[in-house]
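**Student:** show me the folded form of this:
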Amino acid sequence: MIGCGFTYREVARLINRVLGVKIHISNIYYRLKEMEGLEEVVNKVIRSINVEKVKGRCRGLLVDGAGFGYNFKIKQRLYFGREIREKRDHVKCELLVLVDERGKSYIVGVFVDDGYKDERKILKSKFEEVKKLKEEVDFRKVYGDRLYNRDIELLREFEKEGVEMILPVEDGIHNKVKSEERKRVKESYNRKRHAYNRNRYKIEQKIGNIKRFMGTYLNTKDKEVSKNLVLLGV
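**Tutor:** Predicted structure coming up:
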């Protein structure tokens with residue numbers, strides 16, 4: 001409810017009205033902040049529900065990240081007090097989504113980290129979870145945006161697992177793609193561009209649904225509470 005824009009006071013009133021339980025707003029805040037191990041629990045639950053639906057008919061894995069703002073706006077300024085833009089503190093969420101042969105998509109992983117954290121680093125730090133997922137659902141293709149093709153180490157890790165990376169890779173104006181890993185990804189993308197376009201939007205759709213449900217900005221000032229709200233919202 002707080003993730004959907006309700007204040008702590010409104011939540012306390014609703015709990016009292018519906019359940020007949022009086023609860024202080026500080027108690028709600030404390031419980032949200034001290035949910036240790038919530039990420040592990042959430043991932044176990046969504047996998048137990050969704051993995052079975054895709055087994056034996058998986059088309060591929062989609063990966064992407066999204067940011068959720070919280071706290072107050074921060075004004076970035078240049079010299080002489082000139083305002084450049086406004087930004088907010090935010091947390092970063094990395095989603096894993098499986099697509100079946102019918103084109104239906106299912107969230108099977110969600111990892112939350114600090115704001116401005118590189119999506120590739122989040123995915124690499126949770127790569128053991130990706131390997132476990134591959135053991136459960138034998139996906140052979142991964143679709144992502146062009147950001148992921150810049151991490152050679154990540155491309156190698158997926159190649160070791162026998163997974164084909166389908167990511168946009170293009171030659172620069174002055175420099176051509178040089179690494180063998182990126183060349184292979186480029187060939188895969190050129191051969192399967194239609195499949196990429198057909199599947200890629202599905203994870204954007206999931207992120208859009210989550211943000212419509214929770215909003216782009218969370219109604220809290222604390223980073224840990226924000227992370228937990230994102231996990232619960234997904």
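
**Student:** list the buried residues in stretch 168-183.
**Tutor:** Buried residues in stretch 168-183, defined by neighbour count with 16 or more other CB atoms under 10 Å: P168, V169, V177, E181, R182. Glycine gets a C-beta too; all of them are placed from N, C-alpha and C.

**Student:** go through the protein and flag its longest strand.
**Tutor:** As assigned by DSSP state E, the longest strand anywhere in the chain is strand 58-77.

**Student:** now that strand, how far from the chain's geometric center?
**Tutor:** Here the centre of strand 58-77 is set off from its chain's centre by 7 Å, with CA atoms, centre = their mean, to the nearest Å.

**Student:** tell me what it is packed against?
**Tutor:** The contact analysis (3 or more CB pairs under 8 Å, 6 or more residues apart in numbering; DSSP states H and E) places strand 58-77 against strand 83-100, helix 119-125, strand 141-143, helix 193-214, helix 223-233.

**Student:** and the buried residues of stretch 168-183, which two are furthest apart?
**Tutor:** P168 and E181 (14.8 Å; CB to CB).

**Student:** one step back: which of the buried residues of stretch 168-183 fall within helices?
**Tutor:** E181, R182 (DSSP state H).

**Student:** against E187, how distant is the closest residue to G115 other than its chain neighbours?
**Tutor:** Spatial nearest neighbour of G115, excluding adjacent residues (CB to CB, 6 or more residues apart in numbering): H90 at 4.1 Å. Look at H90 and E187: by CB to CB, to the nearest Å, they are 36 Å apart.

**Student:** who's more crowded, these two?
**Tutor:** Between H90 and E187, counted using other CB atoms under 10 Å, H90 has the larger neighbour count: 21 against 12.

**Student:** is that one bridged to anything, and to what?
**Tutor:** G69 (DSSP bridges).

**Student:** what's the answer for the one 4 residues further on, then?
**Tutor:** Using DSSP bridges, the bridge partners assigned to E94 are G65, F111.

**Student:** count of residues packed around it?
**Tutor:** The number of residues near E94, taken as other CB under 10 Å, comes to 21.

**Student:** any idea how far I166 is from it?
**Tutor:** In terms of CB to CB, E94 sits 18 Å off from I166.

**Student:** go ahead and confirm D222 touches K33.
**Tutor:** Yes: D222 is within contact range of K33, at 6.2 Å (criterion: CB atoms under 8 Å).

**Student:** show me what contacts D145?
**Tutor:** D64, L167, P168, R200 (CB atoms under 8 Å, 6 or more residues apart in numbering).

**Student:** so what pLDDT did L232 get?
**Tutor:** pLDDT for L232: 80.

**Student:** can you get me a residue count around it?
**Tutor:** 15.

**Student:** contact partners for the residue nearest in space to the middle of the chain?
**Tutor:** With distances taken as CA atoms, centre = their mean, the residue of the chain nearest its centroid is E94 (2.3 Å). By CB under 8 Å, 6+ apart, the residues touching E94 are V63, D64, G65, G109, V110, F111, V112, D113, E119, I122, L123, K126.

**Student:** pLDDT score assigned to it?
**Tutor:** At E94, the model reports a pLDDT of 93.

**Student:** what about this structure, any weak spots by pLDDT?
**Tutor:** 1-12, 14-16, 18-19, 21, 23-32, 72-88, 172-174 (pLDDT under 70).
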